[in-house]
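1. 3D model of this:
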Amino acid sequence: MGEMITSLSIVVVGASGDLARKKIFPALFALYCQGFLPPQFSIFGFARSKMDNARFREKITEHLTCRYVPGESCAEKMEAFLARCFYISGQYDSCDALLDLYQVMHRIEEGVPRNRIFYLAIPPSIFLDVARALGSAGLVQCGISDPWSRVVIEKPFGRDRASSDVLVQEMGNVFREAQTFRIDHYLGKEVIQNLMVLRFANLVFEPLWNCHYIDNVQISWKEDLSVEGRGGYFDGYGIIRDVMQNHLLQIMSLVAMEPCSKMDAGHICNEKVKVVRQIAPLKLEDIVVGQYTAAEWKGRHMGGYLDDEMVPSDSITPTFAAAVLTIDNDRWKGVPFLIRAGKGLECRTTEIRIQFRNVNTSMYAVPGEDLAPNELVIRVQPDESIMLTIANKVPGMEMKLKRTQLDLRYQEAFDELIPDAYESLILDVIEGDKSLFIRKDELAAAWDIFTPVLHQLEAEGAKPEPYAFGSRGTTGADALAARYGIRGV
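-> Residues are numbered from 1 along each chain as shown. Next comes the predicted model:
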């Protein structure tokens with residue numbers, strides 16, 4: 001549990017956008033229904049769209065759910081929650097518009113200073129403009145105790161190491177590092193939060209969690225969606241910056257980190273930073289990029305990436321990437337980490353696959369046959385589960401072995417509702433817990449891994465390998481995995 005507070009004002013900048021309407025406000029309502037918001041709280045939406053409080057509340061209601069308060073009480077909860085939601089319109093970089101916000105907040109707060117959270121649900125390109133305007137309008141409180149101010153910013157944090165450093169430095173002129181919460185919503189997912197528990201609270205795994213027993217680690221992120229509606233944004237970043245440098249690297253750091261001497265934000269971040277710094281910068285020969293093309297898929301014609309009207313016809317922005325990373329320490333020496341991310345693939349899934357070494361000396365080994373290795377598969381989405389593949393005897397008179405799965409499915413194993421990632425992370429911001437947020441030194445170390453290869457790909461105008469929408473990705477990714485002896489990709 002984090003700190004206890006009695007009053008809070010939450011300002012959602014970009015309140016009319018999809019992220020705010022579909023994720024942030026539903027998460028805030030869920031926290032309210034569970035009693036996690038303080039007795040005195042108000043929510044202020046700020047965006048360019050013109051609307052009054054009534055219309056704003058209508059828009060919010062479209063995505064609120066009653067899963068924590070089923071039945072008739074839900075309507076009462078919604079009404080009480082919406083009564084604390086207010087809207088102000090204006091240009092994001094306008095100090096005058098934010099002074100209007102200040103006046104509304106001052107009136108609602110009745111002149112009594114409250115703790116404040118500023119959630120920047122806006123494109124990264126305007127983070128600095130908004131932060132400076134918030135500071136100029138006098139909305140940011142600099143104290144480390146009550147009343148405090150905190151800012152939440154969404155990835156990607158820059159485009160490379162240099163732009164990330166500028167963002168960190170300039171944001172630091174308004175919000176100090178202790179006030180800054182760099183959010184990666186994958187760290188809030190229940191299965192990802194369980195990674196350290198799985199490793200360090202179960203003696204059966206930790207002794208095997210090293211290069212002596214693990215052959216390779218695969219971390220995959222797949223979407224069976226196009227970039228339709230986001231083509232303009234996506235083309236400015238690509239799959240490496242949008243998914244690989246943050247989501248997948250964060251997951252990798254939790255898989256590979258050393259145990260903490262103490263369970264708190266500082267110690268957890270220290271171990272994550274340590275292992276990220278031990279990852280060698282990615283080489284061009286160890287990455288494959290691709291771009292989806294038009295195809296018939298599930299009875300529909302799906303356009304290619306270049307068919308999107310928001311995407312330049314000559315774009316070389318990758319929608320798929322596969323890369324092998326290595327960690328220079330005793331625990332992981334020689335173990336390849338294959339990370340893959342792609343849009344327009346055959347399914348939607350995120351999973352971690354720990355593949356153990358073969359049992360070559362087994363008395364059950366059959367000459368000329370390889371018994372498939374043990375695997376631990378941690379599925380993050382869509383069906384949260386943990387599966388361990390082991391060898392078993394097939395019933396019958398013969399001694400015949402077959403790999404079968406020990407399968408823990410979250411929905412079946414636990415009666416509790418699985419919270420949305422944003423619920424967990426916003427609660428952490430309220431409580432001041434930075435365990436699942438990205439520290440500036442960790443961010444710098446992450447960019448050091450990817451910046452050289454990103455610059456090289458762009459300088460050489462590397463053309464992505466085409467793959468059909470709805471396929472498994474590029475053939476080059478299979479060849480890369482095979483080069484490192486990784487099977488079952």
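2. list the contacts for residue 241?
-> Residue 241 makes contacts with 156, 159, 450, 454, as judged by CB atoms under 8 Å, 6 or more residues apart in numbering. From N, CA and C alone the C-beta is placed, and that goes for glycine too.
3. nearest residue to the middle of the protein?
-> Taking CA atoms, centre = their mean, the centroid of the chain lies closest to residue 186, which sits 3.0 Å from it.
4. excluding chain neighbours, what is closest to residue 171?
-> residue 131 (5.5 Å; CB to CB, 6 or more residues apart in numbering).
5. these two touch, right, the one you found and residue 176?
-> No. Applying CB atoms under 8 Å as the test, residue 131 and residue 176 come out as separate, 11.9 Å apart.
6. quick one: which of these two has more around it?
-> Set residue 131 next to residue 176 and count neighbours by other CB atoms under 10 Å: residue 131 wins out with 25 against 14.
7. tell me the domain ranges of the chain?
-> The chain resolves into domains spanning 7-154, 188-483 when parsed by automatic domain parsing.
8. with only the CA atoms kept, save the helix or strand hosting the residue nearest to residue 171 in CSV.
-> Applying DSSP states H and E as the criterion places residue 131 in helix 127-136. C-alpha atoms of helix 127-136 as CSV (Å, rounded to 0.1, in the frame of the first residue of the first chain):
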residue,chain,number,x,y,z
PHE,A,127,4.3,17.0,-24.3
LEU,A,128,6.8,19.9,-23.8
ASP,A,129,4.4,22.6,-25.0
VAL,A,130,1.7,21.4,-22.6
ALA,A,131,4.1,21.0,-19.7
ARG,A,132,5.5,24.5,-20.1
ALA,A,133,2.0,25.9,-20.4
LEU,A,134,0.9,24.1,-17.2
GLY,A,135,3.9,25.5,-15.4
SER,A,136,3.3,29.0,-16.7
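9. may I see the buried residues of it?
-> Neighbour-count burial for helix 127-136, counted by 16 or more other CB atoms under 10 Å, picks out 127, 128, 130, 131, 132, 133, 134, 135.
10. and stretch 230-246, by the same measure?
-> The neighbour-count check on stretch 230-246 (16+ other CB under 10 Å) flags 231, 234-235, 237-246 as buried.
11. among the residues you listed, which are in helices?
-> Cross-referencing these against helices under DSSP state H gives 231, 234, 235, 238, 239.
12. name the nearest residue to the fourth one, sequence neighbours excluded.
-> Spelled out, that is residue 238. residue 317 (4.4 Å).
13. which SS state does the one you found fall under?
-> Secondary structure, DSSP: H, G, I helix; E, B strand; the rest coil: residue 317 is coil.
14. tell me the contacts of residue 428?
-> Residue 428 touches 2, 181, 188, 434, 435, 436, 437, counting by CB under 8 Å, 6+ apart.
15. oh, I was asking about residue 16
-> When contacts are counted by CB under 8 Å, 6+ apart, residue 16 touches 45, 47, 48, 49, 51, 59.
16. on that earlier part again, what are the contacting residues of the helix holding residue 131?
-> 13, 92-95, 97-98, 118, 120, 122, 140, 151, 153, 167, 170-171, 173-175.
17. now do stretch 189-208
-> Under the contact criterion CB under 8 Å, 6+ apart, stretch 189-208 has outside partners 186-187, 209, 214, 251, 254-255, 259, 268, 352, 356, 376, 378-381, 384, 386, 410, 418-419, 421, 424, 436.
18. the helices in the stretch 1-150 of the chain, which residues?
-> For the stretch 1-150 of the chain, helices defined by DSSP state H, counting those that start in this stretch occupy the ranges 18-19, 25-33, 53-61, 73-82, 95-108, 127-136.
19. out of the ones you listed, nearest to residue 292?
-> Nearest of these to residue 292, taken as CB to CB: helix 18-19 at 22.1 Å.
20. let me see the mean pLDDT of the closest one.
-> Per-residue pLDDT over helix 18-19 has a mean of 92.
21. what's it in contact with?
-> Counting by CB under 8 Å, 6+ apart, residues outside helix 18-19 touching it are 121, 154.
22. low pLDDT regions in the stretch 1-150 of the chain?
-> 1-3, 143-145 (pLDDT under 70).
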